[in-house]
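Okay, predicted coordinates and the sequence, questions at the end:
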Amino acid sequence: MTATPPENRRVLGLPLQVWGGLSMAAGVACLAGNHSIVRLVSDEVGAFETSALRFIWALPMMLPWILRGKGQVLRTKRHGLHFVSASLTALTTALLFLGLAHLPVALATTLNFTAPLFTTIMAVILLKERVEIARWAATVIGFLGVLVILRPGFVVFDPAILLPISSAATLALWYFTLKRLGRTESTATITVYQTIWASLLLFLLALPEWQMPSGNALWLSIAMAAMGTAAIFLMARAFDLADASLVAPFDYARLPFVALFGYLLFGQIPGLFTIIGAAIIVGSAFYIARREARAARPRQLDSQGGKTG
């Protein structure tokens, strides 16, 4: 009896690819909600404490992983790389949360979408990769989108603009550490160490001005952590259920979700130049992501062929 190929399997009458898309869409909505709540919490306790609470509240969620395998998930020989990767996670989160605290949430999210553009540059510098002209063109066009938003020489420059852009750069660096860890470490091990180290580092960063959040901010911070953790789980699950080329583009739906939450919660309406710049940045990043997914697929097939042949 021939096994049903994964792409043809169905659950409740729907193909796994559809469930993957739905899981990714739900994860993106959770992440957009997480970003929007950041602004509400940071207004009371500050961005550093908000970023620390994001990971501190996630620590209890790691216990089932740790206890289920009797601590097996904590076994690793790559403590140094785990620490470096988690440090980048902490820095990326702190910079983004600072940006979300001082800028309209849609603007901060848009500028954070420049991460794939930085990834292209760093791939050349760090990995000595050869990047084709089309990808370089997409990268340049993406940064032109940033200039459309900033309009240097026409509007007063807000230094807070640099926060989500810097967060995108450190996020790109984090991708490279994650890629190296993924060669030997399980997703559970990476997630647990990221959460443990990031919560400690961000707590120490926020400690000098730490204050106990009020009841409202406390519950919002718990909701923020829950939505962030749910987003990670749902998005990871999406990549398990469907091809990366199908689900990855769903991440760009985060922008309209964030814009909607920004309007409902804060009355923020993105300006015309922000919308135009966002379209350019998202279009460029989308193009790069699609090319990467298509390039990775033959490598995966070759690897599978080598294992089964």
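Noted; the coordinates are in hand. Numbering: from 1, shown residues only.

Let me see the ranges of the helices in the protein.
16-45, 47-56, 59-68, 79-102, 105-112, 115-127, 133-150, 162-181, 187-206, 215-241, 244-247, 254-266, 272-308 (DSSP state H).

Format those helices as JSON lines; extra columns: distance to residue 156 and mean pLDDT.
C-beta here means a position set from N, CA and C on the backbone, and glycine is covered the same way. Shown next, in JSON lines, are these (distance: least, CB to CB, whole Å; pLDDT from 0 to 100):
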{"stretch": "helix 16-45", "distance to residue 156": "22", "mean pLDDT": "84"}
{"stretch": "helix 47-56", "distance to residue 156": "22", "mean pLDDT": "93"}
{"stretch": "helix 59-68", "distance to residue 156": "41", "mean pLDDT": "84"}
{"stretch": "helix 79-102", "distance to residue 156": "14", "mean pLDDT": "92"}
{"stretch": "helix 105-112", "distance to residue 156": "15", "mean pLDDT": "87"}
{"stretch": "helix 115-127", "distance to residue 156": "25", "mean pLDDT": "81"}
{"stretch": "helix 133-150", "distance to residue 156": "11", "mean pLDDT": "83"}
{"stretch": "helix 162-181", "distance to residue 156": "14", "mean pLDDT": "88"}
{"stretch": "helix 187-206", "distance to residue 156": "29", "mean pLDDT": "90"}
{"stretch": "helix 215-241", "distance to residue 156": "31", "mean pLDDT": "83"}
{"stretch": "helix 244-247", "distance to residue 156": "40", "mean pLDDT": "65"}
{"stretch": "helix 254-266", "distance to residue 156": "21", "mean pLDDT": "83"}
{"stretch": "helix 272-308", "distance to residue 156": "14", "mean pLDDT": "68"}
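
I'd like the ones you listed as JSON lines, with mean neighbour count appended.
Output for the helices of the chain, formatted as JSON lines (neighbours: other CB atoms under 10 Å):
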{"stretch": "helix 16-45", "mean neighbour count": "21"}
{"stretch": "helix 47-56", "mean neighbour count": "26"}
{"stretch": "helix 59-68", "mean neighbour count": "14"}
{"stretch": "helix 79-102", "mean neighbour count": "21"}
{"stretch": "helix 105-112", "mean neighbour count": "26"}
{"stretch": "helix 115-127", "mean neighbour count": "17"}
{"stretch": "helix 133-150", "mean neighbour count": "17"}
{"stretch": "helix 162-181", "mean neighbour count": "20"}
{"stretch": "helix 187-206", "mean neighbour count": "20"}
{"stretch": "helix 215-241", "mean neighbour count": "18"}
{"stretch": "helix 244-247", "mean neighbour count": "19"}
{"stretch": "helix 254-266", "mean neighbour count": "19"}
{"stretch": "helix 272-308", "mean neighbour count": "15"}
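
For residue 98, which residues are in contact?
47-48, 160, 163 (CB atoms under 8 Å, 6 or more residues apart in numbering).

which of those residues sit farthest apart?
Pairwise distances across the contacts of residue 98 peak at 14.9 Å for 48 and 160 (criterion: CB to CB).

Residue 169 is in contact with residue 118, isn't it?
Yes - here residue 169 reaches residue 118: they are 4.8 Å apart, a contact under CB atoms under 8 Å.

ok, the closest residue to residue 94 other than its chain neighbours - contacts?
Leaving out its chain neighbours, the residue that sits closest to residue 94 by CB to CB, 6 or more residues apart in numbering is residue 51, at 4.8 Å. Neighbouring residues of residue 51 by CB under 8 Å, 6+ apart: 90, 93-94, 97, 202, 206.

Out of these, which two are the most distant from each other?
Farthest pair in the contacts of residue 51, by CB to CB: 93 and 206, 11.5 Å.

Show me which of the contacts of residue 98 is closest to residue 36.
residue 47 (14.2 Å).

what sits against the closest one?
Going by CB under 8 Å, 6+ apart, residue 47 touches 38, 94, 97-98, 100-101.

Between those residues, which sits nearest residue 196?
Using CB to CB, these come closest to residue 196 at residue 94, 16.7 Å.

Return the residues in contact with the closest one.
47-48, 51, 202, 205.

Residue 252 too?
113, 282, 285-286.

and if you look at residue 221?
Here residue 221 is in contact with 37, 41, 45, 50, 53-54, 57, 213 (CB under 8 Å, 6+ apart).

Can you lay out the residues you listed as TSV showing distance to residue 251?
Listed next are these as TSV, based on distance: CB to CB, whole Å:
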residue	distance to residue 251
37	19
41	23
45	28
50	22
53	24
54	19
57	23
213	30
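
Which of the residues you listed sits closest to residue 223?
residue 37 (6.1 Å).

My guess is that closest one contacts residue 224. True?
Yes - counting by CB under 8 Å, residue 37 touches residue 224, with 4.3 Å between them.

Which pLDDT value belongs to the residue lying closest to residue 282 once chain neighbours are set aside?
In space, residue 282 comes closest to residue 252 once its chain neighbours are excluded; the distance is 5.0 Å by CB to CB, 6+ apart. Note on residue 252: pLDDT of 74.
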